[in-house]
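1. sequence and predicted structure, then a few things I'm wondering about:
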Amino acid sequence: MYKFLEGCKKIEELASEIYHRLAENDSVSQSLKKVFSQLSSDEKSHARSLDLIFQAAQNDVKHIPLISNESLEKAIELAESLAEISSEKIRSEKMAINLAIKMENEFVKVHANNSLHFENVRLAELFQMLGDEDRRHIATLKSCMDN
Ligand SMILES: [Fe+2]
């Protein structure tokens, strides 16, 4: 279980890094840079929330076999590969937004699907919140696409 939460923290940290890099990309307009920066700091605060949960729930967290490590592994793999894409390869706003949406869609599977499987109420609520945040990010990104 501890490993699962560590992995969850890792995807938030990678996401924060990815958004930070997208915010610095030359093909991204000033207004979209602002959006990416905000998303980057959202992800950083998600990582911090997971940290707090570790500390509060260390002895309390039980292993629940239904938790999907498979979706977490997929999300880590995708985030790692996105983190490695060089900035020059991201040549348009559309491409940057699409990468971010793809990433958030993978994260929803980790958060929303697993939120039902925690006995610990605080963990269940946190994963529910993280899933809501992913969806909110997707909506924000889609609205940037329409502009
Ligand atoms: Fe997040």
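-> Arrived safely, thanks for sending.

2. what's near enough to touch the residue in the chain that the ion sits nearest to?
-> As assessed by Cβ to the ion, the ion sits closest to His46 within the chain, at 3.8 Å. (Each C-beta comes from the backbone N, C-alpha and C, glycine too.) Taking Cβ atoms under 8 Å, 6 or more residues apart in numbering, we find His46 in contact with 12, 15, 130, 133.

3. the ion next: which of those are close?
-> When the contacts of His46 are filtered against the ion using Cβ under 5 Å from the ion, the residues retained are Glu12.

4. tell me the phi and psi of Val110?
-> phi -70, psi -40 (degrees, to the nearest 10).

5. ok, it touching Ala75?
-> Yes. Contact criterion Cβ atoms under 8 Å: Val110 and Ala75 qualify, at 4.9 Å.

6. show me the common contact partners of these two, please.
-> With Cβ under 8 Å, 6+ apart as the test, Val110 and Ala75 both reach Ile11.

7. got a PyMOL select line for the buried ones in the contacts of His46?
-> Here is the PyMOL command that selects the buried residues among the contacts of His46 (16 or more other Cβ atoms under 10 Å):
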select buried, resi 12+15+130+133
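
8. got the residues of this protein near the ion?
-> Counting by Cβ under 5 Å from the ion, the chain sits next to the ion at 12, 43, 46.

9. dump those into JSON lines; add pLDDT as well.
-> What follows is those, written out as JSON lines (pLDDT from 0 to 100):
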{"residue": "Glu12", "pLDDT": "98"}
{"residue": "Glu43", "pLDDT": "98"}
{"residue": "His46", "pLDDT": "97"}
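
10. let's have those residues in a markdown table, adding secondary structure and distance to Asn25.
-> A markdown table is the format used below for those (DSSP: H, G, I helix; E, B strand; the rest coil; distance: Cβ to Cβ, whole Å):
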| residue | secondary structure | distance to Asn25 |
| --- | --- | --- |
| Glu12 | helix | 21 |
| Glu43 | helix | 17 |
| His46 | helix | 22 |
